[in-house]
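In: please work out how this folds:
(4 chains)
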Amino acid sequence: MMACVAARELADGEVVFVGIGLPNLACNLARRTHAPNLVLIYESGAVGATPSRLPVSIGDPALVTGSLMVCGMADVFQLFLQNGRIEVGFLGGAQVDRRGNINTTVIGDYKKPKVRLPGSGGAAEIAIHAQRILIVSKVSPRAFPERVDFLTSPGDRVAKVITDKGVLERDAQSGELVLASLYPGVEVKDVQVGWKLRSRAQLGRVEPPSSIELQLLREVLDPQRLYLGS
Amino acid sequence: MMACVAARELADGEVVFVGIGLPNLACNLARRTHAPNLVLIYESGAVGATPSRLPVSIGDPALVTGSLMVCGMADVFQLFLQNGRIEVGFLGGAQVDRRGNINTTVIGDYKKPKVRLPGSGGAAEIAIHAQRILIVSKVSPRAFPERVDFLTSPGDRVAKVITDKGVLERDAQSGELVLASLYPGVEVKDVQVGWKLRSRAQLGRVEPPSSIELQLLREVLDPQRLYLGS
Amino acid sequence: MSLEDAVARHVHDGDVVVIEGFTHLISFAAGHEIIRQRRRELTLCRLTPDLIYDQMIAAGCAKKLVFSWAGNPGVGSLHAFRRAVEGGTLELEEYSHFGMVARFSAGAARLPFWTLRDYAGTDLPKANPRIKSVTCPYTGEALATVPALNPDVTIIHAQRADAQGNAQIWGLLGVQKEAAFASTRVIVVIEELVDERVIRSDPNRTLIPAAIVTAVVVEPWGAHPSYAQGYYDRDNDFYVGWEKISRDKGELAHYLDECVYGVKSRAEYMQQQPRLMERLKAGEQRCVGVNYGF
Amino acid sequence: MSLEDAVARHVHDGDVVVIEGFTHLISFAAGHEIIRQRRRELTLCRLTPDLIYDQMIAAGCAKKLVFSWAGNPGVGSLHAFRRAVEGGTLELEEYSHFGMVARFSAGAARLPFWTLRDYAGTDLPKANPRIKSVTCPYTGEALATVPALNPDVTIIHAQRADAQGNAQIWGLLGVQKEAAFASTRVIVVIEELVDERVIRSDPNRTLIPAAIVTAVVVEPWGAHPSYAQGYYDRDNDFYVGWEKISRDKGELAHYLDECVYGVKSRAEYMQQQPRLMERLKAGEQRCVGVNYGF
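Out: A predicted model of the protein is given here:
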């Protein structure tokens, strides 16, 4: 479901900075449905990849073989990201807060962390330079606190947060995340976050995955269910 | 003669930033005599070239075919020159002054030039970053004024000036060019510059080109006499 | 798209224009088309103005030149350039090669400036006040800076590309990548249109991705008298001959009439001088390939 | 030179050490040799510490880690790293990927710092005071800076090189070129030693020139469980399995005893697990070549 919703957010021809897992699935689903000319750029330097297998890391050799361009990482960050060529960036995180800020660094205090997370990787600069950020993350009060413990990636460019219950959007006026639409069978009260979540006046209802989307995901894109889970 | 003297200045294994014309001849002469492991780097990005014909420009395709590496010019200037990897740089110029400063920009005033010359090219940064500069230039009072009209390349790292009459060196203490050695048959009075030229206490006498050097230059390296002149 | 259309649509009077290529892959075809379409008031930028900018200056296209070395490499002077400068009719903004490379690097990274260790002790910052300095926040030392260069349009000649404009270049690379990424619009002129599969078979060879390309034009021999490694050699006789042509205003005008205004396209230009192909066509020196399998 | 000799001569206690390679071409062989030679007090730098630095941390080689993303890509955590950090026994200096790339870029260009548009609104500068800022001399805007990183020794795994060390790499390039040029000493470990003519047949493919290389070591499969495009695939099973091994100190110690201390060389390591070759050997996907003739 999350992969379908993320895929539908992508317009044909857009240049997308992709991570591994659900974002990669979403991009490849979009390419096979409504957005065949999506250009996928991986942090590792592969541009325009059409992987012959589901990549297990953003450095997977399958992203290189048959891609349109492979460049060094200085070019990825300077010539693509900082240059402003990336239209959509996908991010995830251990914590997402009220303003869409993301934490992938530590839970607790930086100097004495309760949990040490991997760190920024490219997430800080993706959040700063991609024109539109899509966050993909399961929703819970713990994962969505009022304020992140450590601000790794600023939320200013976050457009939507695609969760397992529904979609949050960043309200342009208040700058805070609000509930925009729900998946089939989900109620407003099922979406629990660490602050008083407001809803759009017109709450949307997300269309369930079509049979084509489901078939592509389950039989073509992730037959081994590496990322689809269920 | 100038090409021979320049060639003899190069030690085996050195990394040399080469220009076209006499410096290129000198390097290739050195490679075929005492310095087979000289590494030639051209401003154009060709590293370790072994050209199959006499290159007519530093961008000649013959410098690319069969070279060890070709890189972009950002790498040439940042990773090789500014990085300090270049041991010897060759320069020439319309004017060379008492302190070894070079002018390749204008004769006369910059805003209203009497003669507009090509400009710096890479000469400013070669003079600043190569560990040792060799200037190759015919000597005359006009070409060797007390002070250049425009300072394109600073003389601080100039080691020697190889002229058509003899060799000048930059005196470490005074910082000015002094006469160090004369070619066969040349007297001190034949070396005329725009200031009172001092001579080393022990004035050297340059050995004439050996028959091997002459043969290589005339029959192998520049049979059409593009750069040898006579 | 034809080169005529590409120039008509994407090169406008008053634009900041870059035709790059260091000796190699200089798009004379695009320069000639700009002359034919009588573009005016252009700011021409290039490390080495070379013969093509000498022709464009002579034809009255240029208001200003931003450069680092203005000569006929291995031959002598660019005489139209010299006449314009010595006559005070061409505005100059002058750097060294590293300074120009740094300007394109900053432009490509969309930074407002680039830092370099350069210009200490030279007169260049006096001649060009846009060369400034910055203090290192770690060591306190002063370093030179140049401002970003972001052209309106950059024209690159490449050996091969697919229909989308994913362009591959080998041999000398100059500053083509930086100039293209720095530019608002990018025109890629190619020797050979290839299937996307050829590009995809060797992605490390791609220098300019279609994502930044505005127009793709197929124009074989479009770099003559410059060269294209693996396709044709540099026409050194033409470079040597330019000394005589450019010294004389009349001869230069005659050259433009005959070889630029007098033809409609590069194809006609090549028909005018059929011996070029036999004289300059490249020999074979194939690379040892690599395996991209996994 | 053998890898044993190269590490003995060129990697010293207390050194700032870089083993680079983004997923691709990570020299596990060199990491294991450093563990076997019991180097201590190293400052390990790398964008993604990956399994190799997790092993080196577990083996007690590291005093400090300079990095930007410390995880087991696609799997989970690096548990030896986490234990060291959560236990306070490993010093950290943390950037984002772009920050690390910029540090290597500055080091390679021998500038004291690099400028980037980054970190505004993040907590990273608070966690790392070496992230500073500079004011643009043209626009007056503030931009982030990171200091140059100039390692004592950088170890690069490459697909092929000649005996002098002119090394060619294809597939993902990471920051290998920048790290090598930034370094005082460079060890190049290669899959395949080739004749100089192979290198010279395709000079654009050369990423690291012999002029900056200190030692060349031939070590086939030296990157396993990482991969070498065109030679062997990534051993994803090993990465997945590392989660279980690294979670438990005892299991990790057992792994090191058996696969690192228990073998003398990469050749012995490969003999230990002969099925690797049949399982991971790369298929054929040759590139379409190019002509370098003129």
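In: and chain A, which residues reach chain C?
Out: Contact residues (C-beta under 8 Å from any C-beta of the partner chain) of chain A with chain C: A:15, A:39, A:46-48, A:50, A:61-62, A:64-71, A:75, A:78-79, A:82-85. (C-beta placed from N, C-alpha, C; glycine too.)
In: tell me which of these fall in helices.
Out: Using DSSP state H, the subset of those located in helices is A:Asp75.
In: which of the residues of chain A next to chain C count as buried?
Out: The neighbour count (16 or more other C-beta atoms under 10 Å in any protein chain shown) marks A:15, A:39, A:46-48, A:61-62, A:64-71, A:75, A:78-79, A:82-83, A:85 as buried among the residues of chain A next to chain C.
In: in chain A, which spans are helices?
Out: A:2-8, A:22-32, A:73-75, A:123-129, A:211-215.
In: does the closest residue to chain B within the stretch 151-294 of chain C count as helix, strand or coil?
Out: The nearest approach of the stretch 151-294 of chain C to chain B comes at C:Leu173, 4.2 Å away (C-beta to the nearest C-beta). Put simply, C:Leu173 is coil when judged by DSSP: H, G, I helix; E, B strand; the rest coil.
In: what does the one 4 residues further on give?
Out: Per three-state DSSP, the local secondary structure of C:Lys177 is helix.
In: pretty sure the residue of the stretch 151-294 of chain C closest to chain B sits against B:Ala74.
Out: No. If you go by C-beta atoms under 8 Å, C:Leu173 and B:Ala74 don't touch, sitting 9.2 Å apart.
In: let me have the helices of chain A in CSV, adding mean pLDDT and distance to chain D as columns.
Out: Formatted as CSV, the helices of chain A follow (pLDDT from 0 to 100; distance: least, C-beta to the nearest C-beta, whole Å):
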stretch, mean pLDDT, distance to chain D
helix A:2-8, 93, 16
helix A:22-32, 90, 10
helix A:73-75, 98, 5
helix A:123-129, 97, 4
helix A:211-215, 93, 24
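In: what is the neighbour count of A:Leu168?
Out: Per other C-beta atoms under 10 Å in any protein chain shown, the neighbour tally for A:Leu168 reads 28.
In: I figured it hits A:Val158, correct?
Out: No. With contacts defined as C-beta under 8 Å, A:Leu168 does not count as touching A:Val158, sitting 9.0 Å away.
In: picking up where we left off before, report the contact partners of the residue lying closest to the residue of the stretch 151-294 of chain C closest to chain B once chain neighbours are set aside.
Out: Using C-beta to C-beta, 6 or more residues apart in numbering or on different chains and skipping the chain neighbours, the partner closest in space to C:Leu173 is B:Gly72 (4.2 Å). In this structure, B:Gly72 makes contact with B:Gly45, C:Leu173, C:Gly174, C:Val175, C:Gln176, C:Lys177, C:Glu178, judged by C-beta atoms under 8 Å, 6 or more residues apart in numbering or on different chains.
In: deepest of the helices of chain A, which one?
Out: Most buried of those, by mean neighbour count (mean count of other C-beta atoms under 10 Å in any protein chain shown): helix A:123-129, with a mean of 28.
In: could I get the contacting residues of A:Ala180?
Out: Applying C-beta under 8 Å, 6+ apart to A:Ala180 gives the contacts A:Lys160, A:Gly166, A:Val167, A:Leu168, A:Glu169, A:Ser199, A:Arg200, A:Leu203, A:Gly204.
In: relative to A:Pro118, how far out is it?
Out: Computed with C-beta to C-beta, to the nearest Å, the distance linking A:Ala180 and A:Pro118 is 29 Å.
In: what do you get for A:His34?
Out: The gap separating A:His34 from A:Pro118 is 33 Å, by C-beta to C-beta.
In: these two: who's more crowded?
Out: The residue with more neighbours, out of A:His34 and A:Pro118, is A:Pro118; 24 against 13, by other C-beta under 10 Å.
In: is it true that the more buried one touches A:Thr104?
Out: Yes. Counting by C-beta under 8 Å, A:Pro118 sits close enough to A:Thr104 to count as a contact (6.3 Å).
In: what residues do these two have in common as contacts?
Out: With C-beta under 8 Å, 6+ apart as the test, A:Pro118 and A:Thr104 reach no residue in common.
In: mind showing which ranges of chain A have poor pLDDT?
Out: Chain A contains residues with pLDDT under 70 at A:229-230.
In: what parts of the stretch 101-250 of chain C come near chain D?
Out: Applying C-beta under 8 Å from any C-beta, one finds that the stretch 101-250 of chain C approaches chain D through C:110-117, C:130, C:132-139, C:141, C:143, C:145, C:147, C:159, C:168, C:170-171, C:173, C:198, C:201-202, C:204-205, C:227, C:229-234.
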